[in-house]
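> only the shape, not the letters, is given here:
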């Protein structure tokens, strides 16, 4: 049993974090893993919507969320956060974008800052398929149509109950008329 | 169409409201906090003073109910015995109930070289050199056999783990067994002892040159050791955000845990202070 590390305070991430990280094997080994993910995170912050293979997208989502949550929590005057932003974003103008554009955008968010949508899985191809990783609030048209009719909304609940009431009243009326018919005959 | 007419007929009926509901909707005024309750927030130092209240971050073994029950048991034990605030590098004395010793108690004095575990399994290791023999004892903080834990000198060191004292000169680990409790000059700040320990010549139990130790004097090793240490080092781990996340409990959860535990711990502190003051007055 290990004690939790106390040196840094970390905000809770609002995505599902898998217990073990993926190795993302490459010729440079573990050093190369972070290098690959750096390129992915930089591209995500730059283009706000990227299409790539699912495993790398899943790993990069965690790192992107951590970077943004640290930036929101600590701001740009915090030395450690600035070091992380400097490492993870290969282009230095994106560091400005992170603190000046993304932090105000996500300041009051109660949900995650990124969205991972499964993409086409063409045959023959990479077994895990593609995925689209995007920052929420991006200027592009939505990937998935918004469903504006949920069964748990209040007016929908009331409508369902009204329908049930109407149908039961209808059945009673029908029962009454059939009885009268049978008694007549 | 028939359904719409049915709905319209419902709307035409007067909506029955209970008197209570009406009163409630008029009387509630939201001032300050939404729920109207004061929010309990523990001071931020709590995570250093009571690190064993935070659970093990590994998600495979987490169980919220078990953690809550453990915290209740820990508070219960703390109400019976005083478990003082201590850090790695503090000199402590622990009295344990021992059936085989003539006094039925066994007291050991030593420096805390490491602490770990979470919940009721929290432990710490005390080290001392007795008759030129290094002795280390691991104590479980919430073990019912423990009768008394005293902190003779409360201080911190430059490292979180002082395992290198095993390879250091014995004078750095020797403390008199009849050492008395030292009075703190400044109660608000825990002093950091900047001592740099001298190690014995090699061979050592661990490769100390590969661990970034602050509290050790210059190791004076041949250059090949440092070259190999550089080759083997993982400098990218410093930037691995998800690695850090998996090793920590998020701040929101920490706040929740300590808010739960804070009021009871404060009450226990107050009771002990009163008892101490009363004891002092009685002596006088």
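Arrived safely. Worth saying up front: this structure is predicted, and the values here are computed from it rather than measured.

> show me what whichever helix or strand residue A:43 is part of is packed up against.
Secondary structure assignment for residue A:43, by DSSP states H and E: helix A:30-47. For helix A:30-47, the elements it packs on are strand A:49-53, helix A:54-74, helix A:79-88, helix A:93-97, strand A:130-135, judged by 3 or more CB pairs under 8 Å, 6 or more residues apart in numbering or on different chains; DSSP states H and E. For the C-beta atoms, the positions are set from N, CA and C on the backbone; glycine is no exception.

> format the ones you listed as CSV; extra columns: distance to chain B, mean neighbour count and mean pLDDT.
Putting these into CSV (distance: least, CB to the nearest CB, whole Å; neighbours: other CB atoms under 10 Å in any protein chain shown; pLDDT from 0 to 100) gives the following:
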stretch, distance to chain B, mean neighbour count, mean pLDDT
strand A:49-53, 17, 16, 97
helix A:54-74, 4, 21, 97
helix A:79-88, 5, 16, 96
helix A:93-97, 14, 15, 97
strand A:130-135, 15, 20, 97
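
> now those as TSV including distance to residue A:181?
Converted to TSV, the helices and strands packed on helix A:30-47 look like this (distance: least, CB to CB, whole Å):
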stretch	distance to residue A:181
strand A:49-53	66
helix A:54-74	64
helix A:79-88	79
helix A:93-97	77
strand A:130-135	62
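
> closest one to residue B:217 among those?
Checking the helices and strands packed on helix A:30-47 against residue B:217 by CB to CB gives helix A:79-88 as the closest, at 28.1 Å.

> off-centre distance for the closest one?
Distance of helix A:79-88 from the chain centroid (CA atoms, centre = their mean, to the nearest Å) equals 24 Å.

> got a list of what the residue positioned nearest the centre of chain B touches?
In chain B, the residue lying closest to the centroid (CA atoms, centre = their mean) is residue B:51, at 2.0 Å. By CB atoms under 8 Å, 6 or more residues apart in numbering or on different chains, the contact set of residue B:51 is A:3, A:4, A:6, B:115, B:118.

> wait, doesn't the last one sit right on residue B:54?
What it means is residue B:118. Yes - taking contacts as CB atoms under 8 Å, residue B:118 lies within contact range of residue B:54: 6.3 Å.

> mutual contacts of these two, please.
With CB under 8 Å, 6+ apart as the test, residue B:118 and residue B:54 both reach A:3, A:4.

> give me the beta-bridge partners of the spatially most central residue of chain A?
With distances taken as CA atoms, centre = their mean, the residue of chain A nearest its centroid is residue A:115 (3.2 Å). In this structure, residue A:115 bridges to residue A:134 when assessed by DSSP bridges.

> confidence score at it?
With respect to pLDDT, residue A:115 scores 97.

> picking up where we left off before, from residue A:70, how far off is the residue nearest to the centre of chain B?
Distance, residue B:51 to residue A:70, by CB to CB, to the nearest Å: 22 Å.

> over to residue B:42?
23 Å.

> may I have the residues that are in contact with residue 118?
Looking at chain A here, since you left the chain open. A:54, A:129, A:130, A:131, A:132.

> oops, chain B please
A:1, A:2, A:3, A:4, B:51, B:52, B:53, B:54, B:55, B:56.
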